[in-house]
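Enquirer: any chance you could fold what I've pasted below:
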Amino acid sequence: MDIRALMKQAQQMQAKMAKAQEELAGKEVSAEVAGGQIKVVMDGKHRLKSIEIAPESLDADDIEFLQDLIVACVNEGAAKVDDLVEKEMGGVTGGMNIPGMPGM
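Expert: Numbers count the residues shown, from 1 in each chain. Next up, the predicted model:
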């Protein structure tokens, strides 16, 4: 086995992974819960970009329910980002499990 060829292949994969991660940062996913009462948009780096709360979900007597909906929606968005990362990075790595890679 030629170590130089292996190193070159590793460098090429690293460059592809860096490019894919950069592209992921520009992608967005959206999630909603409770029939659209709460909607979130997250980018490919798990950053929350926006949140929408329907006025009918605001109940001063039940703030805990609203808080639970927000947590559930953000977690749903994060799961969608994980799926996106796994799909995008899986194409780059050929499905290899690389330690330290998000979603891998």
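Enquirer: contact partners of stretch 55-75?
Expert: Stretch 55-75 is touched from outside by 31-34, 37-40, 42, 48, 51, 53, with contacts defined as Cβ atoms under 8 Å, 6 or more residues apart in numbering. In short, each C-beta sits where N, CA and C put it, glycine included.
Enquirer: now do that stretch, average pLDDT.
Expert: Mean pLDDT, stretch 55-75: 92.
Enquirer: low-confidence bits of this structure, can you list those?
Expert: Across the chain, the ranges flagged by pLDDT under 70 are 1, 92-104.
Enquirer: could you rerun that using 90?
Expert: Where the chain drops to pLDDT under 90, the residues are 1-26, 45, 56-60, 84-104.
Enquirer: need the helices for it, in chain order.
Expert: Under the criterion DSSP state H, the chain carries helices at the ranges 3-25, 63-93.
Enquirer: what's near enough to touch the residue nearest the centre of the chain?
Expert: Note on the chain: the residue nearest the mean C-alpha position is V81, at 1.9 Å, using Cα atoms, centre = their mean. Residues in contact with V81 (Cβ under 8 Å, 6+ apart) are 29, 42-46.
Enquirer: spatially nearest residue to I51, not counting backbone neighbours?
Expert: Sequence neighbours aside, V40 is the residue nearest to I51 in space, at 5.0 Å (criterion: Cβ to Cβ, 6 or more residues apart in numbering).
Enquirer: that neighbour: how many residues sit nearby?
Expert: Residues contacting V40 under the criterion other Cβ atoms under 10 Å number 23.
Enquirer: so who does it touch?
Expert: 30-32, 48, 50-52, 73-74, 76-77.
Enquirer: filter those down to the buried ones, PyMOL style.
Expert: This is how PyMOL selects the buried members of these, with burial counted by 16 or more other Cβ atoms under 10 Å:
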select buried, resi 31+32+73+74+76+77
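Enquirer: ok, so of the contacts of V40, who is nearest A20?
Expert: Set against A20, the nearest of these by Cβ to Cβ is G77 (20.0 Å).
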